[in-house]
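[1] no FASTA, just this:
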């Protein structure tokens, strides 16, 4: 035989069946168990899609050994250096464990905090006991300190070291006989005269532009131009004084039956004094200085003029009326200042004079200045 040729397989003779043995075509095929060889090479898995990294500390590690088909799980978190890796939880508890994974806790940095505010009435703040304050002094509108006025060596002193304080909201009667110093004191307050010594304060300021705007002054003599009509004089005051009220002036002219178109020199002496008083009281001043406002007015018109004075001034203003007709103005006075030969003889309220002396102001005046 040629050694290069492959020997043909010899036919195997059929086996002889033993008695009781079923025929060969009826014998079932033996079942051979299939056992996976774990020592063999690992089964190659299809390449996995790269998962997005959740943080710098998450690293995907391949599982070791044969991989059974399973639901894709999120990549486990790599342990920190020096940390013992924790055992992986069971397969069926992975989703729940993933939801309950605690977040890493970091040490909180101290934050600047504001001082908590107390909530009343639960946390009242103890307060320091306050010292009792003295009662506030009444606001002074006019103050004279050692006021002296001398006209010359032969005339003597018109005022001698006068000290006077008058508050706001008063009607004060400056009472005294002729030549006692009433007109001099009013002119000094109005800034028409300069004192020889002493000091005058109106609202805390010496006489000047500010004090003149706060004072409405009625002199004892006529000073208006004779050729002007009454309405022209009203317009002049309205242009010169910002606090002048034209509506009030025309209302008082109508009630006193004075024609606004009349020329001033055609009026009687009494009507001229009424016009001057109307002009003065039509201002919204703080201090009204009236020198003999009713001296030339007939007795029938005095009551109306006094009522006009009382009803046409602000409660914060003060009126000083210099007169010797005490009985006519006593009913409207709050305080009385008696002056004689340049000295202040008395300064008191009308109520106190009646209560302590049991006299009217007119009776007190007659007793003090009796000849």
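    Looks like it came in fine. A quick note: this is a predicted structure, and the numbers were derived from the prediction, not measured. Numbering: from 1, shown residues only.
[2] okay, CA-based contacts and neighbour counts for the rest of this
    Noted.
[3] who's in contact with the closest residue to residue 263 other than its chain neighbours?
    Spatial nearest neighbour of residue 263, excluding adjacent residues (CA to CA, 6 or more residues apart in numbering): residue 229 at 4.1 Å. Residue 229 makes contacts with 260, 261, 262, 263, 264, as judged by CA atoms under 8 Å, 6 or more residues apart in numbering.
[4] quick check, nearest of those to residue 181?
    Checking the contacts of residue 229 against residue 181 with CA to CA, the nearest one is residue 264 at 30.4 Å.
[5] So that closest one sits against residue 228, correct?
    Yes. Shown here, residue 264 and residue 228 form a contact pair, counting by CA atoms under 8 Å, at 5.9 Å.
[6] So the two - more neighbours on which side?
    residue 264 (21 against 14; other CA atoms under 10 Å).
[7] how near is the more buried one to residue 212?
    25 Å (CA to CA, to the nearest Å).
[8] Relative to residue 267, how far out is residue 186?
    27 Å.
[9] Then residue 200?
    37 Å.
[10] okay, the two: which has more neighbours?
    Neighbour totals were compared for residue 200 and residue 267, and residue 200 leads with 24 against 15 (other CA under 10 Å).
[11] Just grab the bridge partners of the closest residue to that one other than its chain neighbours for me.
    Computed as CA to CA, 6+ apart, the closest residue to residue 200 that is not its neighbour in sequence is residue 144, at 4.7 Å. Here residue 144 sits in beta bridges with residue 164, residue 200, as judged by DSSP bridges.
[12] Can you report how many residues neighbour residue 241?
    Using other CA under 10 Å: residue 241 sits among 14 other residues.
[13] For it, report the pLDDT, please.
    On pLDDT, residue 241 comes in at 91.
[14] Identify the residues contacting it.
    Residue 241 touches 213, 283, counting by CA under 8 Å, 6+ apart.
[15] how far away is it from residue 216?
    10 Å.
[16] what do you get for residue 168?
    Residue 168 is 15 Å from residue 216, by CA to CA.
[17] So for the two, which residue has more residues nearby?
    Per other CA under 10 Å, whichever of residue 168 and residue 216 has more neighbours is residue 216, with 23 against 19.
[18] Would you indicate which residues of stretch 144-163 are buried?
    Across stretch 144-163, burial judged by 16 or more other CA atoms under 10 Å covers 144, 147, 148, 149, 150, 157, 158, 159, 160, 161, 162, 163.
[19] My error: substitute stretch 353-371 in the last question.
    Quick answer for stretch 353-371 (16+ other CA under 10 Å): 353, 360, 361, 362, 364, 365.
[20] any idea which element the last one lies in?
    I take that to be residue 365. helix 361-368 (DSSP states H and E).
[21] could you give the mean pLDDT of that helix?
    88.
[22] How about stretch 292-304?
    78.
[23] from the buried residues of stretch 144-163, which single one is nearest residue 307?
    Closest to residue 307, out of all of the buried residues of stretch 144-163 and judged by CA to CA, is residue 144, at 29.0 Å.
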